[in-house]
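1. Build me a structure from this.
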Amino acid sequence: MKGFRKRGVCVLATGALGLSGIVLAAEPASAAVVGCGDVITTSISLSQDVGPCTGNGIVIGASGITVNLNGKSIIGRNTTNMTANEQVGVFMQGKRNVTIINGTVRNFDAGVAIVKGSKNQLRKLTVRDNVNHSSLTGAINKCTFGDGVVVKGSEENLITQNTAHRNGPFSGITLINGSDNNIVSGNEVFDQNIQNRLPGDNPDGTPRNGPCGPFSATATGVGRLNQDIGIRVEGPGSDNNQVLSNSVHDNQLDGITIHGYVCIQPTPPGVTGGTPNTGNLIQGNDVRRNGFANVANREFQDGIAILSQGPLGTVTCSSNNNRIIGNVSNANARDGISVAATGDNAIPSANEVSQNTVNDNGRNGIFVRGPFTVCPPGQRNATPPDFCNVPREPRNGANENRLVSNKGMGNGNNVLAPALGYDGFDGNPACDKNFWAQNIFGTVNQACVAANFGTGTELGPVP
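-> The predicted structure is shown next:
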């Protein structure tokens, strides 16, 4: 289970800067000298680098324009920002049909941010070293940002042929807060490796976790240390997005994730209720070597994961009716593909996992979680079946999923944290209402995983 993050929407004050009317993207881009914080209202082609900037890089002030970075860079100074104000390399809010192409955006709290916009395109950009400055300087802020590219409450945007690396502490590319019908395709997303860690250590030598990504029922306090995901689809209600043909590798936490979300009221103070993420498609991606965030503490994560969320006392919706099709997810630290348990609700998971290849992952090739319990912080045992020292909260297993025509061999090879692993695993008794068919596995944990013309030697339950 991963922590959830409560991130607000940044609204930049642009009225005083005199935004002009809409300029159509068909207008030829003129060569332009642009300065830090400039509001762009016409199509341009950069003639030189922008920055280093002490605030935002550029702000998109009109719809229908093209900003060609022309191989140049927009550069921030988030290593020197000691304020609570976050900085974005390219910021657009409420804009449509804007194209940003061909250049580098680096050293901001977020490289590119699209907020409540639609039908925009990001192409052939390199977004790197965009890090929430709290993690670099210790300046405390709300952690709205911490990504290479972040899309919030926006629809029908295209993010394609970009490179995202060394961003954090959140993700290389993020779709969040009701972002629907976006396409993330043909990108290389790798080495998101920034810890949510303030400078210096605690007196006992442990890390000083930063404020980004609260991991508590009240959305307060410090965040989880390791949160670096390659491509993240997070709710509430981020639906019908497509994550296609990306190369996602060597990120500290998961490669590609679809998050569950707190969904049923009443919820604790400070936690926003929402809806599950549905209808998303993850297809044709090459996902490798993700999840080695915390080797010292033997904490490993997955290649592709549908996650449950919500600490003790909250109720989570499962992410349902999503499809994971035709991906290669190999050599990740824990599971190649992980389908999470649901929250305490009657909504079936009903996800499809088909035609994937999952080889040589540290624990399982494909993992479907069974019923489990949530414990208060610090009260989790290492010995099943009683995982909690104190009263615990039961949650359902993942059910009504279809897992068809997948192939997996050589999983369960994590020598750093030896544990029995399987090529195919279902934690529900007799697989409950999950349908497994025509999967080619070397090992399975129970016979139903190899049913319906599948293969797999049954190894039995985890000892």
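
2. where does this structure have its least confident helix or strand?
-> The weakest-scoring helix or strand in the chain, judged by mean pLDDT, DSSP states H and E, is strand 261-262 (a mean of 63).

3. After that one, heading C-terminal, what element do we hit next?
-> Scanning forward in sequence from strand 261-262 by DSSP states H and E, the next helix or strand is strand 281-283.

4. Does anything pack onto the following helix or strand past that following strand? Which helices or strands?
-> Using DSSP H and E, the helix or strand that follows strand 281-283 in sequence is strand 286-288. Contact analysis of strand 286-288 by 3 or more CB pairs under 8 Å, 6 or more residues apart in numbering; DSSP states H and E lists strand 247-249, strand 328-330 as its packing neighbours. Any C-beta I mention is one placed from the backbone N, CA and C, and that applies to glycine too.

5. In CSV: these, plus mean pLDDT.
-> Output for the helices and strands packed on strand 286-288, formatted as CSV (pLDDT from 0 to 100):
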stretch, mean pLDDT
strand 247-249, 98
strand 328-330, 98
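
6. got a markdown table for those strands, with mean neighbour count too?
-> Shown next, in a markdown table, are those (neighbours: other CB atoms under 10 Å):
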| stretch | mean neighbour count |
| --- | --- |
| strand 247-249 | 23 |
| strand 328-330 | 23 |
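
7. so which of these comes closest to Thr373?
-> Distance to Thr373, taken as CB to CB, is lowest for strand 328-330 among the helices and strands packed on strand 286-288, at 27.7 Å.

8. Which other helices and strands does that closest one contact?
-> Contact here means 3+ CB pairs under 8 Å, 6+ apart; on that basis strand 328-330 packs against strand 286-288.

9. re the thing from before, looking at the helices and strands packed on strand 286-288, which is nearest to Thr357?
-> With CB to CB as the criterion, Thr357 lies closest to strand 328-330 of those, at 4.8 Å.

10. so what's Gly424 bridging to?
-> Ile366, Val444 (DSSP bridges).

11. show me what contacts it?
-> Shown in contact with Gly424 (CB atoms under 8 Å, 6 or more residues apart in numbering): 364-366, 403, 406, 408, 436, 439, 441, 443-445, 449-450, 454, 456.

12. Let's see that with 10 Å instead.
-> Listed by CB atoms under 10 Å, 6 or more residues apart in numbering, the contact partners of Gly424 are 358, 364-368, 403, 406-408, 411, 436, 439-446, 448-450, 454-456.

13. Looking at these, which are in strands?
-> Counting by DSSP state E, the part of the contacts of Gly424 found in strands is 366-368, 403, 407-408, 436, 440-444, 455-456.

14. Show me which of the residues you listed is closest to Asp228.
-> Using CB to CB, Phe367 is the member of the ones in strands among the contacts of Gly424 that lies nearest Asp228, at 20.7 Å.

15. thinking the closest one is in contact with Asp302, fair?
-> Yes: look at Phe367 against Asp302 with CB atoms under 10 Å: they come within range, at 7.8 Å.

16. Find residues that contact each of these two.
-> Residues touching both Phe367 and Asp302 by CB under 10 Å, 6+ apart: Arg334, Asp335, Gly336, Ile337, Ser338, Ala340, Asn361.

17. What is the lowest-pLDDT residue among these?
-> Ranked by pLDDT, the shared contacts of Phe367 and Asp302 bottom out at Ala340 (83).

18. Now for Lys119: which residues touch it?
-> 63-64, 95-99, 154-158, 181.

19. which of those residues are buried?
-> Buried by 16 or more other CB atoms under 10 Å: Ser63, Gly64, Lys95, Arg96, Asn97, Val98, Thr99, Ser154, Glu155, Asn157, Leu158, Asn181, out of those.

20. ok, how many other residues are close to Asn414?
-> As a burial measure, Asn414 scores 21 neighbours (other CB atoms under 10 Å).

21. wait, Asn193
-> Residues lying near Asn193 (other CB under 10 Å) number 19.

22. Equivalent analysis for Ser308, please.
-> Look at Ser308: counted by other CB under 10 Å, it has 26 neighbours.

23. before we move on, what about Asp201?
-> Neighbour number of Asp201 under other CB under 10 Å is 11.

24. Same check on Gly410?
-> For Gly410, the neighbour count with other CB under 10 Å is 16.

25. Before we move on, what's the pLDDT of it?
-> 96.

26. Next up, the contacts around the residue sitting nearest the centre point of the chain.
-> In the chain, the centroid-proximal residue (CA atoms, centre = their mean) is Arg232; its distance is 2.0 Å. Neighbour list for Arg232: 5, 147, 150, 170-176, 192, 238, 243, 253-254, 256-259, 307 [criterion: CB under 10 Å, 6+ apart].

27. Buried members of the residues you listed into ChimeraX, please.
-> The buried residues among these can be selected in ChimeraX (16+ other CB under 10 Å) with this line:
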select :5,147,150,170,171,172,173,174,175,176,192,238,243,253,254,256,257,258,259,307
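
28. and the contacts of Arg232, which of them are in strands?
-> 147, 150, 171-176, 243, 256-259, 307.

29. Could you work out the most separated pair of those residues?
-> Val150 and Leu307 (18.1 Å).

30. rewinding a little: make a PyMOL selection of whichever of the ones in strands among the contacts of Gly424 turn out to be buried.
-> Per 16+ other CB under 10 Å, the buried members of the ones in strands among the contacts of Gly424 correspond to this PyMOL selection:
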select buried, resi 366+367+368+403+407+408+436+440+441+442+443+444+456
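
31. Adding distance to Ile114 as columns, could you present the ones in strands among the contacts of Gly424 in CSV?
-> Shown next, in CSV, are the ones in strands among the contacts of Gly424 (distance: CB to CB, whole Å):
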residue, distance to Ile114
Ile366, 33
Phe367, 33
Val368, 34
Leu403, 34
Lys407, 37
Gly408, 36
Trp436, 39
Ile440, 41
Phe441, 41
Gly442, 43
Thr443, 44
Val444, 43
Thr455, 45
Gly456, 44
